[in-house]
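Undergrad: sequence first, predicted model second:
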Amino acid sequence: MVEALVDNISTSLEEDDNNFKKQNVLWHLYYKLNSMYTICSSSETCTGCNLKKSSIHYINCAIEKVISEWDVYIQFLKSLGTMDNNLCCDYVIHWLYGKIKENGFNIDELNSLYGKVEKHLKGKCDDKTKSDEFYMKFVKDYDIEVIKDKKRLYDFVEYYDNIKNILNNNDDLKKGKYCNYIELMFKLYKKMKRNNLRLKYNKEIDSFEKKFKINNTELTHLKSKCPEKELDLEFKEENNALLQLKQAKSESCEIGNILTSNTSPYKGHTYENVLKTLYSYNVYDKLNASVAKNEYCSVCKEVEVLEKNYPGITQLCQKIARNLKKKLEDIQDKEKSESDRCLYLIHWTYDEAGKLFNGNKNKIHEIPFFPNLLKISSSINYELMREDILENSKKILSEFDIRFKAIQKGIGNSFNLKKNTKDYEKLIKERFVSHDELGNYKPCFYSFDCNIDECKEMKELFDYFKNYDTFKCNNDSKKTECKIHCEYLIYINKLYEKHIEECCTCFFRSNECRDNCPHYFKCDQKYNPYTLFSALKCNDILPSGMSMQKINKPISVDRDFIIKSEKSSITGFKNISRDPFNIVMSVAFTLLGIFFLFFCSIKFTPFGPWLYNKVLKTEKNKYDTYERHSQELLKNDSEYNNTNSQNRRLRITYQSTDNSVR
């Protein structure tokens, strides 16, 4: 329904104001452009447009037609009482935005369309003396939501005079519709103002502020016609959190039986009377201060349904919301340390949550409503971080904008550029923005994962250490009070003994101890309860059966040994690699490995048989040569000459070598 009211505002004005079509200049130019668009999409009369069956070309064709008759349209606007020639450019651009919204072009299509339209507009809408004005006027954004918002706010300003005429007629039915529309546009202005980091809404915001902010009579008139709308809030210099705060004030919580009394933060504690005298009591009292029944209801809406099972949960949520949204400013004068202010809030929240829950859960995070409180706290923290970043970003962007304009001015004047080279180099020098510049707000998160009883003990110890220096007791005039103080110290000493082992790592031959639980425990023996017990002379005050045993530091460890061990874990490898024995052994094992690989390659790979055959062939050749030579010798020896056997004795040659036998 809201979308329909905004998108059909022109049609509504046509019906409700008889003079709208006659008087409104924007309507006339939109009408002309829409007529051209229809013609281009249904005929070939737009010559030279390279017409295609595409909305991009229809839009381009319509704008090209208007540009070709630019002077005619300028005279037409003047005839309607508009003397500003630049308005024609603005009207064409915002008509274009409307068509982009209707068609939902993708990035490539938008890029093509912007390129075509820019060529048409640059000659008519470009002021040569102001090089950056055209780009501020014709914002080529690819976010359809941005395009839609720009057109809606601009149209509202241009239609406002006709809307005012309708409001002046005092028609209650029409009045309600247009007051709702005005409220929506004021909210839209606020949204655009808040998100104008890249200056993409400058044109529309300037137009809006000229109509309402500078001319305060219009705002006064609107307030009289739409009294139920808090339109004046839109122009106060306030951040989003403050605006939400004001909106929350106007809302009514649905739960009627919300607790509104301000109870003591130590109510029900055994040593409540002692704790009330401590400095921390004032801090917790501020954190626990009551919140008006209808404040922060919108923030705590989702916990209201839990009120029946956990009475007081909404009030606790409202207190947490108040403390976070005000950035703990109520306790800044009582606690200077930012981190300790956060710890106060955490311990207070955990303690109050534990009081509301009477179930059998062990972990604080297992309490059914605790995730709801965490979610609300995180949402507030994120919103405050976002606002802080936006505010700082505006300052940084303003600085860059000043530098950019100075650079443009220097480039435009070559004489000054050469004359002031050092100044120019200073301007163009890179400027890096650190994260600290963007965000200064440090959120306070709830990060303790403890049992409900452990959380209470942690708070008890935190309070003891924070208030150590404020424990005072005059034994001569206030013996009863001193007795309670001493009993409280005995109680704290038991908690001290329980936690010191895990929270402190102490060192041999040193008075130092490492704090392992810095959020609630201090290992310095200055804070040992026995020291305070002795200073208050509690042994003289308490009965003989009540005494305190001094808790000593945990068993010490050799600090030098720890440091050397930590260093050795880093440098040990370096020392090993530099040992001469290790170097020799590394070389030996490397060679052994090479020989082993060579053996494996011969034994188990094709390389082995190949090498074996090569060697065998060589040996066989040698063997064959020797064998042939031996056979030849044998043959020569076995042959005999043709002699007279009678004259000689018969000789039989015998060869003992195996080679002679084949």
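TA: That came through fine. Being a predicted model, the structure only gives us computed values, none of them experimental.
Undergrad: tell me the pLDDT at Met458?
TA: pLDDT recorded at Met458 is 93.
Undergrad: show me where pLDDT drops low in the stretch 551-662 of the chain?
TA: Scanning the stretch 551-662 of the chain for pLDDT under 70 picks out 557-582, 584, 596, 598-662.
Undergrad: if you set the cut-off to 50 instead, what comes out?
TA: Applying pLDDT under 50 to the stretch 551-662 of the chain flags the ranges 573, 615-616, 619-662.
Undergrad: do the stretch 151-300 of the chain as well
TA: 233-251, 256-261.
Undergrad: so where do the helices sit in it?
TA: Secondary structure of the stretch 151-300 of the chain (DSSP state H, counting those that start in this stretch): helices at 172-194, 202-212, 216-225, 240-250, 272-275, 280-287.
Undergrad: please name every helix or strand in contact with the strand ranked longest in the chain.
TA: Longest strand of the chain, by residue count under DSSP state E: strand 504-508. Applying 3 or more C-beta pairs under 8 Å, 6 or more residues apart in numbering; DSSP states H and E, we find strand 504-508 packed against strand 513-515, strand 557-558, helix 559-578. C-beta coordinates here come from the backbone N, C-alpha and C atoms, glycine included.
Undergrad: what sits against the nearest residue to Cys450 once chain neighbours are set aside?
TA: Nearest non-adjacent residue to Cys450, counting by C-beta to C-beta, 6 or more residues apart in numbering: Ile364, 5.9 Å away. For Ile364, the contact set (C-beta atoms under 8 Å, 6 or more residues apart in numbering) comprises Tyr350, Ala353, Gly354, Phe370, Phe448, Asp449, Cys450, Asn451, Ile452, Cys455.
Undergrad: can we see that at 6 Å?
TA: By C-beta atoms under 6 Å, 6 or more residues apart in numbering, Ile364 lies in contact with Tyr350, Cys450, Ile452, Cys455.
Undergrad: next: Tyr181.
TA: Leu5.
Undergrad: where does the prediction get shaky in the stretch 401-550 of the chain?
TA: Scanning the stretch 401-550 of the chain for pLDDT under 50 picks out 415.
Undergrad: would you map out the domains in the chain?
TA: 2-236, 247-462, 471-560, 580-615 (automatic domain parsing).
Undergrad: neighbours of the residue nearest to His269 when sequence neighbours are not counted, how many?
TA: Computed as C-beta to C-beta, 6+ apart, the closest residue to His269 that is not its neighbour in sequence is Leu275, at 6.1 Å. Residue neighbour count, defined by other C-beta atoms under 10 Å, stands at 20 for Leu275.
Undergrad: my guess is Leu275 meets Tyr266, correct?
TA: Yes. Using C-beta atoms under 6 Å, Leu275 is in contact with Tyr266, at 4.5 Å.
Undergrad: and Asn216, how many residues sit next to it?
TA: Neighbours of Asn216 (other C-beta under 10 Å): 11.
Undergrad: please report how far it lies from Phe105.
TA: The gap separating Asn216 from Phe105 is 40 Å, by C-beta to C-beta, to the nearest Å.
Undergrad: what packs against the helix or strand containing His57?
TA: For His57, the host element (DSSP states H and E) is helix 55-68. Contacts defined by 3 or more C-beta pairs under 6 Å, 6 or more residues apart in numbering; DSSP states H and E place helix 55-68 against helix 25-42, helix 107-125.
Undergrad: and the next helix or strand after that helix with helix 25-42, angle?
TA: With elements assigned by DSSP H and E, the helix or strand that comes after helix 55-68 is helix 70-79. The directions of helix 70-79 and helix 25-42 differ by 150 degrees, with axes from the mean of the first three to the mean of the last three C-alpha atoms, to 10 degrees as the criterion.
Undergrad: fine, thanks again, bye for now.
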